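In: Need coordinates for the following:
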Amino acid sequence: MNMEYVYAAMLLHKAGKEISEKNISEVLTAAGVNADVARVKALVASVAEVDIEEAIKSAPAMMAAVPAPAAAAPAKEEKKAEEEPEEDESKKEEAAMEGLGSLFG
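Out: I've put the predicted structure just below:
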């Protein structure tokens, strides 16, 4: 199910409105989404069996188990560092050694 449908249900819940086929369809239409009648019916039937407040309370615990996209960033940086040519590393080492040599003159 597309997240737009779930978001529509959550918005209605937060606003204290009934989560009905009509209301879901109106929210989706207002957001510029063509509401699929079958999906709306399936969502309303599914939500009827769920305590939304409990689902919201348990969501932070579920989100903690999902790795954040930012966690992948260091891996990309490490990969870039590994891909640098050996020559660049050698030049950096030589420059560092020259700097150290000047300290001991």
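In: Now the helix or strand residue 53 falls within: average pLDDT?
Out: Taking DSSP states H and E as the definition, one finds residue 53 inside helix 52-64. Here helix 52-64 scores 76 as its mean pLDDT.
In: go on, stretch 34-47?
Out: The average pLDDT for stretch 34-47 rounds to 93.
In: in it, what's buried?
Out: For stretch 34-47, a neighbour-count test (16 or more other CB atoms under 10 Å) marks 35, 40, 43-44, 47 as buried. Bear in mind the C-beta positions are built from the backbone N, C-alpha and C, glycine included.
In: Can you list the buried residues in stretch 22-34?
Out: By 16+ other CB under 10 Å, the buried positions in stretch 22-34 come out as 23-25, 27-28.
In: And the contacts of it?
Out: For stretch 22-34, the surrounding residues in contact (CB atoms under 8 Å, 6 or more residues apart in numbering) are 4-5, 8-9, 11-12, 17, 35, 37, 40, 43-44.
In: between the residues you listed, which is nearest residue 55?
Out: The shortest gap between residue 55 and any of those belongs to residue 9, at 10.4 Å (CB to CB).
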